[in-house]
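Novice: Need coordinates for the below:
(2 chains)
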Amino acid sequence: MSVPSGPSTSGRDLLVIGLGTEHRGDDRCGLDVVRSLPGGLPEGVRVVEGPGEATALLELWSGSDRVIVVDAVRSGSLPGTVHRLDAGPNGLPSRLGATSTHGLSLADAIELARSLGRLPRRVTVLGIEVADLGPREGLTGPVADAVGRVRAILLEEIGVAVPGAPGD
Amino acid sequence: MTERTISVDYLARVEGEGALTVRIRGQEVDDVQLRIFEPPRFFEAFLRGRSYLEAPDITARICGICPVAYQMSSCHALERALGMEVGGPIRELRRLLYCGEWIESHALHIYLLHAPDFLGYPDAVHLAKDHPEAVRHGLELKKAGNHLMQVVGGREIHPVNVRIGGFYRCPTVDELGALRPELERALALAEETVRFAAALDFPDIEEDYEFVALRNEREYPMNEGEVASNRGLRVPMHQFEDVFEEVHVAHSTALHSVRRGAGSYLVGPLARYALNHDRLPPRARSAANEAGLGGTVRNPYRSIVVRAVEVVFACEEALRLLDHYRPPAAPFVEPPPTFRATEGSAITEAPRGMLYHRYRLNDGGLIEAAKIVAPTSQNQKRIEDDLRHLVERSLALDDASLTDACERAIRNHDPCISCSTHFLSLDITRS
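Specialist: Purely as a prediction, here's the structure:
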């Protein structure tokens, strides 16, 4: 995990955050996505894992202009479905519960940041619909496939062309 | 006869998964069942066959809020098993790291999880709209604790710098000294937090708890001491399982801890304070006196004030440790090069209370058996007792109000069911 050393200074900066809990089945998919990203990403792009609880996101994205959060989501869609949500003026769509491992959820953190004037200009959530959150290691098949698709989405967003990357 | 069931399948602002069922028959409370998904059980199995050196890192994953507690209890238990003595600056650094965790964990609970109950808000998001200063103070305090964990522990979430025998790398005097302004500010904020918490309105309720915490002769306890209670118990921590037992109950994956022959007991801030308030350093003691706490707090709602006093203590103690820090000659004590089959246990004081670990190693240094007793499972039966008394007092309330009151009563004890995902569904049924 790379820990940001301070607020970013460029408006072009992008912070990618992977959330999840290891050993809880598909819940770790956000971690797996950020771990799958290659090294040597363009300057201004930061990739981090964590945090262990959602309020720490406010600190983590402090000073960032653009943030992408990858997390597990449970909404009743087919496992492996990739949801793309922008934390617009009305918050995340209420029909979609972003599953968090802790007292405050990702959606709470976004709303808390908004209340305190600490929401980055643009926050996008890439959510992977999960199937099994039981206490075990490893992802279920559809979620593992989705990790590759979200990786490709992120690389496109970052502007890195990786030949042979798993696509949609 | 009227029978009604209060069923809360998801407990708001309790980390992770927890559920509550209360069955009421007429004017009598039939049954109170708090169900908790308890990840340490899974980790006990997961640890078998792993090298003893992996235990601090693996167990740190149990909780995103209190990884240091798991690291500390695992290190102390394994060091005892191996006959290792770890003292001097490494001991002080461990205490400093623990201060960071107490600050961040308590600040999170006080401002973002507990305060909304007293101020009439459903959650921290709503609280922040009307009281942004309070939430900012909470986040600033929490950040100071996290920063301390980052500098000593390598990073704030799941610190990676802790190992059996000490640390992989010890911070320099300058690295720790740079934390001083932030911790001084945190100490002032913590004192303000005590005043904020003490001014809240508390229901006039006292419970007859058996408080259980570590106690030692020289300081407010974190990593050392005997297990003591306000009813005269005093035993070495390694005899924990002789005095306390875990009882399986059908309704929960968690085991219920009880003191053999005595029943439920309470660990955590109320217990630590009751047994160790005479060990608090000057500013924490003044804050407690100004808040009118006295020597023992039996009102569970006032735990928010005691937590705030413990944040003052942790900031004050961290500053003292910073000032006296001299880096050790080596960052860790070398474990013995050869092994025989051995066993060891230890207790440290997690923010939420005593955390017990026991490990059995084979002659190759692999873990054969692990036992982890988390503070939440120790408190579970005692929380059920609180709930039973609450429901008995509150039978006139409608279901919605009773559900709210039950959730509040649970949050008083800051149960941690971390390392779990969460789901939301709430229903109340009457028959």
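
Novice: For the rest of this, base every contact and every neighbour count on C-alpha atoms.
Specialist: Will do.

Novice: Helix, strand or coil: sort out the spatially most central residue of chain A for me.
Specialist: Geometric centre of chain A, nearest residue: A:Val70, 1.6 Å, by CA atoms, centre = their mean. What DSSP: H, G, I helix; E, B strand; the rest coil gives for A:Val70 is strand.

Novice: cool, A:Ser64 as well?
Specialist: coil.

Novice: Hmm, the residue nearest to the centre of chain A is touching A:Val125, no?
Specialist: Yes - the pair A:Val70 / A:Val125 is scored as a contact, 5.9 Å apart, by CA atoms under 8 Å.

Novice: Can you name the element that comes right after the helix or strand of chain A with the lowest mean pLDDT?
Specialist: Lowest on mean pLDDT, DSSP states H and E among the helices and strands of chain A sits strand A:97-98, with a mean of 46. Once the chain leaves strand A:97-98, the next helix or strand it forms, by DSSP states H and E, is helix A:106-115.

Novice: From the contact counts, what lies against that next one?
Specialist: Secondary-structure packing of helix A:106-115 (3 or more CA pairs under 8 Å, 6 or more residues apart in numbering or on different chains; DSSP states H and E): helix A:56-60, strand A:97-98, helix B:124-130.

Novice: any idea which of these scores lowest on pLDDT?
Specialist: Out of the helices and strands packed on helix A:106-115, strand A:97-98 stands lowest, with a mean of 46 (criterion: mean pLDDT).

Novice: B:Ala81 contacts B:Ala341, correct?
Specialist: No - look at B:Ala81 against B:Ala341 with CA under 8 Å: they stay out of range, at 9.1 Å.

Novice: Counting neighbours, go ahead and name the busier of those two.
Specialist: Higher neighbour count among B:Ala81 and B:Ala341: B:Ala81, with 19 against 15, using other CA atoms under 10 Å in any protein chain shown.

Novice: quick one: pLDDT of that one?
Specialist: What the model reports for B:Ala81 is a pLDDT of 97.

Novice: rewinding a little: pick the most buried one from the helices and strands packed on helix A:106-115.
Specialist: strand A:97-98 (a mean of 22; mean count of other CA atoms under 10 Å in any protein chain shown).

Novice: And the strands in chain A?
Specialist: In chain A, the strands defined using DSSP state E lie at A:14-18, A:45-49, A:66-74, A:82-86, A:97-98, A:122-129.

Novice: where in chain B is pLDDT low?
Specialist: For chain B, applying pLDDT under 70 flags the ranges B:1-2, B:5-18, B:37-40, B:155-158, B:250-254, B:416-431.

Novice: so what are the domain limits for it?
Specialist: B:3-38+B:382-430, B:40-380 (automatic domain parsing).

Novice: List the contacts of the closest residue to B:Ala370 other than its chain neighbours.
Specialist: If the residues on either side of it in the chain are set aside, B:Ala370 comes closest to B:Tyr359, at 4.5 Å by CA to CA, 6 or more residues apart in numbering or on different chains. By CA atoms under 8 Å, 6 or more residues apart in numbering or on different chains, the residues touching B:Tyr359 are B:77-78, B:81, B:343-345, B:367-371.

Novice: Restricted to helices, list those residues.
Specialist: B:77-78, B:81 (DSSP state H).

Novice: Give me the buried stretch members for stretch B:163-182, please.
Specialist: Across stretch B:163-182, burial judged by 16 or more other CA atoms under 10 Å in any protein chain shown covers B:163-171, B:176, B:179, B:182.

Novice: burial measure for residue 146, as a count.
Specialist: I'll assume chain A. 24.

Novice: Can you look at chain B instead?
Specialist: B:Asn146: 24 surrounding residues under other CA under 10 Å.

Novice: among the ones in helices among the contacts of B:Tyr359, which are within reach of chain A?
Specialist: Among those, not one lies near chain A by CA under 8 Å from any CA of the partner chain.

Novice: Dump the residues you listed to CSV, plus distance to A:Arg24.
Specialist: What follows is the ones in helices among the contacts of B:Tyr359, written out as CSV (distance: CA to CA, whole Å):
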residue, distance to A:Arg24
B:Ala77, 26
B:Leu78, 26
B:Ala81, 30
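
Novice: May I ask you to confirm that B:Ala198 is in contact with B:Val305?
Specialist: Yes - between B:Ala198 and B:Val305 there is a contact under CA under 8 Å: 5.8 Å.

Novice: neighbour count winner among these two?
Specialist: Comparing B:Ala198 with B:Val305 by other CA under 10 Å, the one with more neighbours is B:Val305, at 27 against 21.

Novice: how close does that one sit to chain A?
Specialist: Using CA to the nearest CA, to the nearest Å, we find B:Val305 at a distance of 20 Å from chain A.

Novice: what does B:Gly295 give?
Specialist: On the measure of CA to the nearest CA, B:Gly295 and chain A end up 31 Å apart.
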